[in-house]
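1. with the sequence up front, the predicted model follows.
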Amino acid sequence: MANTSNVSNWDELNFLDSMEEFEQVAKHKGRSRKRKWREIESIKEKHRLKRELEEYEH
């Protein structure tokens, strides 16, 4: 009976490890999306400022 308990514990630990790994991947993807979004917003802001400067020059 103790043997099946150990197997059950190992299965549970493996499952928890898998979940932790999945969460790390999901967290990384979230960071990557945020970083891309920030980069896009930065580019948009630069274009907006450039247009604004051009308006003042004319």
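-> Now that the structure is in, tell me what you want to look at. The model shown is predicted, which means the values in this text are computed figures rather than measured ones.
2. how much space between Lys36 and Glu54?
-> Computed as CB to CB, to the nearest Å, the Lys36 to Glu54 distance reads 27 Å. For the C-beta atoms, the positions are set from N, CA and C on the backbone; glycine is no exception.
3. next one: Glu23
-> 47 Å.
4. could you do Ser32 as well?
-> 33 Å.
5. check Lys44 too.
-> On the measure of CB to CB, Lys44 and Glu54 end up 16 Å apart.
6. what's the answer for Lys27, then?
-> Lys27 sits 41 Å away from Glu54, taking CB to CB as the criterion.
7. repeat for Asp17
-> 56 Å.
8. what helix or strand is Leu53 on?
-> According to DSSP states H and E, Leu53 maps onto helix 2-57.
9. determine how far that helix lies from the middle of the whole chain.
-> 0 Å (CA atoms, centre = their mean, to the nearest Å).
10. what is that helix packed up against?
-> The criterion is 3 or more CB pairs under 8 Å, 6 or more residues apart in numbering; DSSP states H and E, and there are no helices or strands that helix 2-57 contacts.
11. Glu52: neighbour count?
-> 10 (other CB atoms under 10 Å).
12. list the contacts of it.
-> Listed by CB atoms under 8 Å, 6 or more residues apart in numbering, Glu52 has no contact partners.
13. for it, give me the pLDDT.
-> Here, the pLDDT recorded for Glu52 equals 92.
14. now Arg31
-> 79.
15. measure it to Leu49 for me?
-> Taking CB to CB, one finds Arg31 at 27 Å from Leu49.
16. try Glu57
-> 13 Å.
17. give me the more crowded residue out of these two.
-> Leu49 (10 against 6).
18. any idea which residue sits dead centre in the protein?
-> The centroid of the chain falls nearest to Gly30 when counting by CA atoms, centre = their mean (1.9 Å).
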